[in-house]
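Chemist: Predicted model follows, preceded by the sequence.
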Amino acid sequence: MKNIRFVNYIAATIMFLIAVGCSESFTDLTPRGSATEGNYWQTDADALAGANSMYYYMKDEDMFTRGFMWYINASDDMITGRTNAKADAAVYFTLSGDEGYFSWMYPQCYKIVRRANDVLTHVPDIEMDATLKNRVLGEAYFMRAFHYFWLAHTYGDNGPNGGVPIVTEENMYDDHFTRPESVIENYAQIISDLEKAVELLPLFTTYASTDLGRAHKDAALAYIAKTYLYWAQYDDTKWSKVAEYCDKVTSSGSGRKLLDTDHPETDFHDLFTFNQNFGSEYIWSVVSGTDAGSKLPGVMLENKGWGDYNGWGYYQPTLELYDAFEAGDNRRKETILEFGQEFEWFGETRRYTSQNSQSGFQFNKYMDAYGYSNPVGTTINPNGNDPTTIADVPILRYAEVLLMKAEALIMQGENADQEINAVRNRAGLDPLTNADMDDLKHERRVEFAGEFANRHFDLVRWGDADEVYAEPLHGRDHSDKTDPDSSFTIREVRASRPQFDPNVHHVWIIPNDDVAISGIPQNKGWN
């Protein structure tokens, strides 16, 4: 078949279907045998293994570790911490479509789409417990929609390019696929899938401990809201749907709320610890541990970890991000390490210095697991080439649900002070009155810096990216990089990028291999 990357994943899928069906946790994806298309899809164990296989790429380095973060790295919040021509090609919007870092997200999303399609094709015919069957089908609808969500806004538009090919259980064996006229068709398909997931999935609070991390009702509701948020840039009538589904998350019955104990000096720090992995605020995240998960904490860690651990030294905060925080905002110290700031490291209190940071800063959000005595093998992965920690990495938090609703209300001319001030209160800030879009944009930036909430795409959908990227970015150059009290000068760490064209770079280039194999047209203007 010409469209091999869309449809020819049968062998790869079957290889994973027997992983984990009988294991202690669905997050253990060690293959346990062999199977074929002919003898599979017979039992509830087969159905479970099929569902489990859909989570495989959640932990992949080229998805929710670096992967999509390479695109977010193009924003004004961070710079690439090490010299890297492939990363710079994205930062300066000169990608050719052949760079290795950027060749995986597109096809791997389609691999999960294929696995979800197999579940939706075969599981309905398996004789098994009805409740379990519904959950498995709900997981398939959610995982297909979640991966299409990332495909759609990353590569599709409502302009010259259209959406991305829609492959479902009804057409997955076709030998030809085309791009829909608009990404709106993708958004409609995503929402259709998620609405089915809402009907079929339980609340996460009903899951046994071994099933925590599976798709659940709140995640489906929240991604309906976020899909409408992205759709609303093309259709103002969708703002009301954003607010409606944010409210459905709040009232789902699972007790969603901010982690806010009225201790703003510690609450934001505590939010990014392993104690909150399945708390009230993490709606969807990468389940992580000392053996597997998102490597993002180690990717953001000081290169070589001050000689104690193999940090990778990528994704460093800019001075512009640092300066975006208001005086008294407790989020700044928990988001960014600056020279002289105290932090816990391997059981000791240190003051931050760096001989490697290009900006003079480091992201602090994911550092808690490194603070304990003897953390290697206990709270952090003993393999520094796979630097995961016991803290899950959030992809969508309840704070974003509140701020999505706030944005929807403001865009409809309504008051959003309650939602915005709930987030600000947790940070120890005074409330706002009659908050506007500038306030909303500010809160999204400082609340979600260094996360997958996607600062770059926020700037794109708001129409702000061309103005923001026309300005250079800065950092601090300390005179003695081993002295936490050393003086510094301000220096440019990323040149202005007037080459950003909002008519071209509002979407990213599709990997050339996928264009060649599938025969779909490339996004215009990229090459």
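Modeler: Good, I have the coordinates. All figures in this text were calculated on a predicted structure; none of them were measured in a lab.
Chemist: and the residue nearest the centre of the chain, helix, strand or coil?
Modeler: Closest to where the C-alpha atoms of the chain average out (Cα atoms, centre = their mean) is Phe452, at 3.4 Å. In three-state terms, and counting by DSSP: H, G, I helix; E, B strand; the rest coil, Phe452 is coil.
Chemist: which residues touch the nearest residue to it once chain neighbours are set aside?
Modeler: Leaving aside its sequence neighbours, Phe452 sits nearest to Ile395 (Cβ to Cβ, 6 or more residues apart in numbering; 4.7 Å). Placement of C-beta: from N, CA and C, glycine included. Listed by Cβ atoms under 8 Å, 6 or more residues apart in numbering, the contact set of Ile395 reads 64, 284-286, 451-452.
Chemist: which one of those residues is nearest Met143?
Modeler: Trp284 (11.0 Å; Cβ to Cβ).
Chemist: still on that earlier bit, next one, pLDDT for the residue nearest to the centre of the chain please.
Modeler: If you check Phe452, the pLDDT there is 98.
Chemist: Give me the phi and psi for it.
Modeler: phi -80, psi 10 (degrees, to the nearest 10).
Chemist: need the contact list for it.
Modeler: 64, 68-69, 72, 393-396.
Chemist: and the residues you listed, which of them are in helices?
Modeler: Counted as lying in helices by DSSP state H, out of these, are 64, 68-69, 72.
Chemist: now for these, which pair is the farthest apart?
Modeler: Taking Cβ to Cβ as the measure, those have their most distant pair in Phe64 and Ile72, spaced 11.1 Å apart.
Chemist: Using TSV, lay out the contacts of Ile395 together with distance to Phe93.
Modeler: Putting those into TSV (distance: Cβ to Cβ, whole Å) gives the following:
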residue	distance to Phe93
Phe64	23
Trp284	29
Ser285	30
Val286	27
Glu451	22
Phe452	20
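Chemist: Which of those sits closest to Asp247?
Modeler: Closest approach to Asp247 among the contacts of Ile395 (Cβ to Cβ): Trp284, at 18.1 Å.
Chemist: The closest one - that's part of a strand, no?
Modeler: Yes - according to three-state DSSP, Trp284 belongs to a strand.
Chemist: residues in contact with it?
Modeler: 146, 219, 222-223, 394-396.
Chemist: How about Lys405?
Modeler: 225, 242-243, 246-247, 416, 419.
Chemist: Is it part of a helix or strand, or is it coil?
Modeler: Recorded secondary structure, Lys405: helix (three-state DSSP).
Chemist: next one: His456
Modeler: helix.
Chemist: distance of Trp41 from Val136?
Modeler: Per Cβ to Cβ, to the nearest Å, Trp41 is found 12 Å from Val136.
Chemist: So between those two, which is more surrounded?
Modeler: Val136 (26 against 20; other Cβ atoms under 10 Å).
Chemist: host element of the more buried one?
Modeler: Secondary-structure assignment from DSSP states H and E places Val136 in helix 130-155.
Chemist: Neighbour count says what about the contacts of Trp284? Which are buried?
Modeler: 146, 219, 222-223, 394-396 (16 or more other Cβ atoms under 10 Å).
Chemist: Need the phi and psi values for Lys441.
Modeler: When read as degrees, to the nearest 10, the backbone of Lys441 gives phi -60, psi -40.
Chemist: Where do the strands of the chain begin and end?
Modeler: In the chain, the strands defined using DSSP state E lie at 78-79, 282-286, 316-317, 336-338, 342-345, 348-351, 361-363, 393-397, 473-478, 488-494.
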